[in-house]
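K.L.:
Quick one, structure for this:
(chains A, B, C and D)
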Number of protein chains: 2
Amino acid sequence: MNTKKYTMENIKYYPFFGNLANPLKIRIVGMLKEKEMSVLDLAKELKEEQSKISHALKSLKNCAIVQMKQKGKQRIYHLNKETILPMLEILDQHESKYCKKCLAKGIK
Amino acid sequence: MNTKKYTMENIKYYPFFGNLANPLKIRIVGMLKEKEMSVLDLAKELKEEQSKISHALKSLKNCAIVQMKQKGKQRIYHLNKETILPMLEILDQHESKYCKKCLAKGIK
DNA sequence: ATTGTATATTTCTTAGTATTCATATGAACT
DNA sequence: AGTTCATATGAATACTAAGAAATATACAAT
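P.N.:
Just a heads-up that it's a prediction; the model follows:
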């Protein structure tokens, strides 16, 4: 039916929000709100496999939701608070105002 | 491996961002930034089938990203600008600062 | 150079989501 | 009530992204 489905203008937000739409990734974001952590730290705290955490961190890093620094053999990840905190703040307000039902039940 | 994977606290953002992570849905949001529109208006402008638009609008409405009012037989949808505009604004800033590459290529 | 520790990558499978198509509902008008 | 236009719904299929498991790389210390 279509020739050109979407313009760059419109799809540009896609990969970014895709990260925040993933339960594991949002849990990682939740952890990193508190303090910066290594991959294994995250794996332990979240009770998930290391490779899974690495995968998640890679895509979070690709969209600059988290950033990384090397420390010996460890790689320490920290949240890009400048962007993410205000964004979650807006959502909290939205949620408390409009969206109790859908958020509680996970309706899409 | 896990018993309890995530708490409510952590997954609550999931359905909301899931909507913004979808190309069609974000295109709808893009259209509704300009003006409110009916389902068929959207279908025509975006060159997509009506049922597809309806499906997308349903999930957007479930998370209060759009709102709807009846007008004769038409249903007019409009954007929840209070939440969405500041959110896109934050992202634009983020993008121009950090994420040119990933956004251009759609890397996740 | 070898070992041990930390993280990343690759491939395959599975689960979750979107799309399609057919059909149903609902509202206005005759 | 029947017709038309506008929208929504449901079920089947097609996609895409996430998860699992095994393996590879990178670094530090000995």
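K.L.:
Which single helix of chain A contains the most residues?
P.N.:
Taking DSSP state H as the criterion, chain A has its longest helix at helix A:81-98.
K.L.:
now the angle from that helix to helix B:81-98?
P.N.:
For helix A:81-98 against helix B:81-98, the angle by axes from the mean of the first three to the mean of the last three Cα atoms, to 10 degrees is 170 degrees.
K.L.:
From the chain's centroid, how far away is helix A:81-98?
P.N.:
Offset of helix A:81-98 from its chain centre (Cα atoms, centre = their mean, to the nearest Å): 13 Å.
K.L.:
That one and chain B in contact?
P.N.:
Yes: counting by Cβ under 8 Å from any Cβ of the partner chain, chain B is contacted by helix A:81-98 at A:82-83, A:86-88, A:90-91, A:93-95, A:97-98. Heads up, the C-betas are built off the backbone N, CA and C, glycines and all.
K.L.:
Just put the residues you listed in JSON lines and tack on neighbour count, pLDDT and distance to DNA strand C.
P.N.:
Shown next, in JSON lines, are these (neighbours: other Cβ atoms under 10 Å in any protein chain shown; pLDDT from 0 to 100; distance: Cβ to the nearest atom of the strand, whole Å):
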{"residue": "A:82", "neighbour count": "14", "pLDDT": "95", "distance to DNA strand C": "21"}
{"residue": "A:83", "neighbour count": "21", "pLDDT": "95", "distance to DNA strand C": "20"}
{"residue": "A:86", "neighbour count": "16", "pLDDT": "96", "distance to DNA strand C": "24"}
{"residue": "A:87", "neighbour count": "22", "pLDDT": "95", "distance to DNA strand C": "19"}
{"residue": "A:88", "neighbour count": "19", "pLDDT": "93", "distance to DNA strand C": "19"}
{"residue": "A:90", "neighbour count": "18", "pLDDT": "94", "distance to DNA strand C": "21"}
{"residue": "A:91", "neighbour count": "20", "pLDDT": "91", "distance to DNA strand C": "17"}
{"residue": "A:93", "neighbour count": "13", "pLDDT": "91", "distance to DNA strand C": "23"}
{"residue": "A:94", "neighbour count": "21", "pLDDT": "92", "distance to DNA strand C": "19"}
{"residue": "A:95", "neighbour count": "20", "pLDDT": "88", "distance to DNA strand C": "18"}
{"residue": "A:97", "neighbour count": "12", "pLDDT": "89", "distance to DNA strand C": "23"}
{"residue": "A:98", "neighbour count": "18", "pLDDT": "85", "distance to DNA strand C": "19"}
